[in-house]
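*Asks:* quick one, structure for this:
(3 chains)
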Amino acid sequence: MFIVNSEKMKLKQVLKKTIYPKAPYNFDYSVHNPSHYPTPLVKYERGRLWFSFRFKEKLAGVKFIDKGEIDKPKIEATVYYRNKLDKTFEDELFRELDYRFQLQEDYSEFYKKFEKDKIAGKVIRKFKGMHNFCIKGLYEYLMIAILLQNATIKRTVQMTDSILKNYGDTINFDGVKLYSIWKPENLLKVSESELRSLKVGYRAKSFIRATEDYLKINEYSMRKLDNLELRKELLKIYGVGPASVDYIMTGVFHRNILNTIPPWEAKIYSKLIGLNTTNPKKIMELLDKRYGRYKSYVMGHLFMDISWKHKHKRIDWMEKLLPY
DNA sequence: CATCAGGGCCCTG
DNA sequence: CAGGGCCCTGAT
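*Replies:* Residues are numbered from 1 along each chain as shown, chains lettered A, B, ... in the order given. This next block holds a predicted model:
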């Protein structure tokens, strides 16, 4: 017996605002990551992005339209909600969008240092203006991280679809229908066995325990922690281990770190840098030596490049490493 | 048909 | 700190 408590809402336009990111800003590279598995939480087209956005108890829809150029960036942002928002909330919402999309982040030091790098320079120039964005908040990302664990992409997609269908909220705006990850409180009304019936296996327990843990912490104050403290706090969350913590730190918290390289990524990295080893330790040594504290940016760029190429024209060896 | 490895993590000894 | 167990699915 399912408890159906998902919201289904049609939203209307309540606010339109122009955003001026810090140049250089490449819209498409800064709102879409083709290496992420497809979810019905976001819709992307060239120059356009729609996403569900739960912030401070309110579930809104947001549309971004690219109206600028890399050196003169400009985004038209439209917010959709049930009813008019008050000014304070609007300001907070845009401050949050600024954080999640790292709109004002300055990467000039990085470009100066590595734009001419023999290995990565070409790609860094090609992706100039890519900001390190993450549309999701901590809770949503936690759920995604659990869905990714110990599963192939295909299985992850299946589990995501069925859990969203049963417990996700849906919104309609601007002719687009999107899901949103449920409110954490609502998942606690669901029993572990109900979740298990969606074929998520032992992850059912993780969803629940991680939700309980999330409700005890405050992701906004965690942003002030340094890398070590933040890592320690995140690892306390049930279901978060060394692999997930790195994704969460670089994604949700925009920390510039690269601590562990999972084997499947090691294979990709080795190919990208042209190494003769797929040993994560060896790869890490090289990255440290050559790129120091910018190693995660460099790898981020190389990884983005191969993902975009793969998106447009399937690449054989990527196909093998990212089996659907 | 059986077996096994996946884009890990928890728990135990 | 190493290693077993865990859910399901598709490949062999």
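
*Asks:* now residue A:258: how far from DNA strand C?
*Replies:* Using Cβ to the nearest atom of the strand, to the nearest Å, one obtains 21 Å as the distance from residue A:258 to DNA strand C. Bear in mind the C-beta positions are built from the backbone N, C-alpha and C, glycine included.

*Asks:* just give the nearest non-adjacent residue to that residue, would you?
*Replies:* Nearest residue to residue A:258, sequence neighbours excluded (Cβ to Cβ, 6 or more residues apart in numbering): residue A:296, at 4.0 Å.

*Asks:* need the contact list for the one you found.
*Replies:* A:250, A:256, A:257, A:258 (Cβ atoms under 8 Å, 6 or more residues apart in numbering).

*Asks:* for it, give its distance to residue A:105.
*Replies:* 14 Å (Cβ to Cβ, to the nearest Å).

*Asks:* helix, strand or coil for residue A:78?
*Replies:* At residue A:78, secondary structure determined by DSSP: H, G, I helix; E, B strand; the rest coil is strand.

*Asks:* er, residue A:117 I mean
*Replies:* For residue A:117, the assignment made with three-state DSSP gives coil.

*Asks:* ok, it - contacts?
*Replies:* A:124, A:290, A:298.

*Asks:* okay, and which of the residues you listed map to helices?
*Replies:* In helices, defined here by DSSP state H, the members of the contacts of residue A:117 are A:124, A:290, A:298.

*Asks:* flag every residue of chain A that's near DNA strand C.
*Replies:* A:150, A:151, A:152, A:154, A:155, A:158, A:196, A:199, A:201, A:202, A:203, A:205 (Cβ under 7 Å from any atom of the strand).

*Asks:* surely the last one meets residue A:192?
*Replies:* Okay, so that is residue A:205. Yes: shown here, residue A:205 and residue A:192 form a contact pair, counting by Cβ atoms under 8 Å, at 5.9 Å.

*Asks:* these two: who's more crowded?
*Replies:* residue A:205 (16 against 13; other Cβ atoms under 10 Å).

*Asks:* ok so that one is a strand residue?
*Replies:* No: per three-state DSSP, residue A:205 lies outside any strand segment and is helix.

*Asks:* how close does it get to residue A:269?
*Replies:* Per Cβ to Cβ, residue A:205 is found 33 Å from residue A:269.

*Asks:* same deal with residue A:75?
*Replies:* In terms of Cβ to Cβ, residue A:75 sits 32 Å off from residue A:269.

*Asks:* widest-spaced pair of the residues of chain A next to DNA strand C?
*Replies:* Farthest apart among the residues of chain A next to DNA strand C by Cβ to Cβ are A:154 and A:205. That separation is 22.4 Å.

*Asks:* re the thing from before, and which of the contacts of residue A:117 is nearest residue A:210?
*Replies:* residue A:298 (31.3 Å).

*Asks:* that closest one against residue A:291, yeah?
*Replies:* Yes: taking contacts as Cβ under 8 Å, residue A:298 lies within contact range of residue A:291: 4.7 Å.

*Asks:* overlap in contacts, those two.
*Replies:* A:114, A:120.

*Asks:* who's more crowded, these two?
*Replies:* residue A:298 (25 against 20).

*Asks:* and the contacts of stretch A:237-249?
*Replies:* Contacts of stretch A:237-249 (Cβ under 8 Å, 6+ apart): A:138, A:141-142, A:145-146, A:148-149, A:203, A:206-207, A:209-210, A:212-214, A:217, A:227, A:230-231, A:234-235, A:255, A:257-260, A:262.
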